[in-house]
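Asker: Here is my input; please provide its structure:
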Amino acid sequence: MKALLGSGNRARERDAQLILAEGKVTVTAEDNHDALHSVGYDSVVSINYSTGRDPLWKSPEGPSPVARAGGGFLGIRGDRQWVAIRTKDNKDPFVVLRFLNPGAARSGIKALEERTRLTAETVSERKDAK
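Answerer: Numbering: from 1, shown residues only. Modelled structure (predicted):
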């Protein structure tokens with residue numbers, strides 16, 4: 001999986017691992033194992049799953065982008081599997097993960113649901129958004 005770091009047009013992806021242990025959701029860098037995110041299960045407000053170019057979350061106003069992930073080679077990318085974990089942290093309210101396939105996303109979501117006792121919501125882009 002990959003972690004999306006930063007926000008706006010400065011967001012970038014980094015190879016990462018998801019660790020669910022000791023009452024925390026921890027995302028570490030694949031290469032040096034530095035902690036990229038760490039949040040207690042009780043600080044998770046919602047789990048949002050979306051597919052598409054950018055990760056979405058279910059805001060009070062409806063589906064909203066969490067960050068702009070950007071395009072791939074020449075701006076061409078297929079649908080991506082996003083999990084946006086919203087937290088109580090006002091400074092850094094989202095942990096955004098991109099899973100490499102739908103099966104991995106389902107497994108990650110199931111593990112998150114079991115630990116946080118929350119149900120993931122599937123978020124789809126508004127039809128009038130384009």
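
Asker: hey, where'd the helices end up in this structure?
Answerer: 102-116 (DSSP state H).

Asker: Specify the beta-bridge partners of the residue positioned nearest the centre of it.
Answerer: Nearest to the geometric centre of the chain sits Val96, at 2.5 Å (C-alpha atoms, centre = their mean). In this entry, Val96 is beta-bridged to Leu4, Ala84, by DSSP bridges.

Asker: Let me know whether it touches Trp82 as I believe.
Answerer: Yes: using C-beta atoms under 8 Å, Val96 is in contact with Trp82, at 6.7 Å. Glycine gets a C-beta too; all of them are placed from N, C-alpha and C.

Asker: tell me, what's touching these two both at once?
Answerer: Residues touching both Val96 and Trp82 (C-beta atoms under 8 Å, 6 or more residues apart in numbering): 55, 66.

Asker: Surely Val39 is in contact with Val25?
Answerer: Yes: Val39 lies in contact with Val25 (C-beta under 8 Å); the separation is 5.2 Å.

Asker: which residues of this structure score low on pLDDT?
Answerer: Within the chain, the stretches with pLDDT under 70 are 7-9, 70-78, 126-130.

Asker: Look at Trp82 and say how many residues are nearby.
Answerer: Trp82 has 25 neighbours, counted by other C-beta atoms under 10 Å.

Asker: Identify the residue nearest it in space, chain neighbours excluded?
Answerer: Nearest non-adjacent residue to Trp82, counting by C-beta to C-beta, 6 or more residues apart in numbering: Pro55, 3.7 Å away.
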